[in-house]
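>>> Structure for the following, please:
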Amino acid sequence: MTDISFPSLTRRLGALARRWRGDRRGVAAVEFAFIAPVLLSLYFVTMEVAQGIEANKKVSRVGSMVADLVTQQQTTSRTELDAIMKIGESILQPYNRSRPKIVITAIEVTDEDTPKVKVVWSRKVVDGTYSADAAPGTTASVPEKLKTRGTFLVRVESYLDYSPVITWTAGQKETLGLAAAFDGIAMRETYYLRPRMSQSIACADC
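This next block holds a predicted model:
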C-alpha cells in the first residue's frame, strides 16, 4: 500500500485543477449551446414582427381599395360588391393562415334639422361567405365631423385575426401554451368615402 502524503495530494489536485482550467476544448460548443436559443428566438420574433406589420398594412390597403372601387360606381349590385370584396381578399396573399372579414355599408345622413344616420344597404364577406349585413333603415354611426346633412357615405371595415407562424393546432394548444400567447392578433381598419360619380350609390338587390 502506497502512502500519499497530504502535500503530495495537494500538488496533484492543484496540477489537475490547472490542467482543467487550461483545457479550452469544448468551450465553443458550450457557448453555442447557450447562445443558439437566444439567436433563434430573436430571429423568429423579428420575422413575426415584420410579417405582422406587413399584414396590418395589407388590412389597411383592403379597406381603402374596396372603398375606392365602390365609390367610383353610380349604381351597384350584390354581384359587383361580392367581386370587389373578393379582390380585397386577394390583397392579403400570400398570407393564408386566416381569412379576412370585409363589411361595406352605404350610409345616408338625412337632410333634417336633426339629421338621422341610416343604413341604405350593406354587404359583407366572412370566412369566404357573402351575405347582407345591417338591414336597410337601421341606425348607423359615423364620426361627428362626417355627419353633414343630406350626404351619402360608404363605410368599409376590414378585419383580420392575424395568426403568426408560431402557432399550432387547437389540440396541441393544451400542451404547447406558447400558441395561446400569439394566436389571433386582431387587426382592423375603417374607411369612409363619399361617392365620386353621383350623389348616392343605389344597390337594387342588396
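
>>> Which secondary structure elements does the helix or strand harbouring residue 84 sit against?
Secondary structure assignment for residue 84, by DSSP states H and E: helix 78-90. Here helix 78-90 touches helix 27-71, strand 101-109, strand 117-126, strand 129-132, going by 3 or more CB pairs under 8 Å, 6 or more residues apart in numbering; DSSP states H and E. In short, each C-beta sits where N, CA and C put it, glycine included.

>>> could I get these as TSV with mean neighbour count, mean pLDDT and distance to residue 141?
What follows is these, written out as TSV (neighbours: other CB atoms under 10 Å; pLDDT from 0 to 100; distance: least, CB to CB, whole Å):
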stretch	mean neighbour count	mean pLDDT	distance to residue 141
helix 27-71	14	86	17
strand 101-109	22	97	9
strand 117-126	20	96	7
strand 129-132	12	95	18
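
>>> buried ones in the helix holding residue 84?
Neighbour counts over helix 78-90 (16 or more other CB atoms under 10 Å) mark 78, 81, 84, 85, 88, 89 as buried.

>>> Residue 152: which of these is nearest?
Compare each of the buried residues of helix 78-90 with residue 152 using CB to CB and the shortest gap goes to residue 81, at 15.8 Å.

>>> Please name the bridge partners of the residue lying closest to the closest one once chain neighbours are set aside.
Counting by CB to CB, 6 or more residues apart in numbering, residue 81 lies nearest to residue 123, which is 4.5 Å off, once chain neighbours are set aside. Here residue 123 shows beta-bridge partners residue 104, residue 132, assigned using DSSP bridges.
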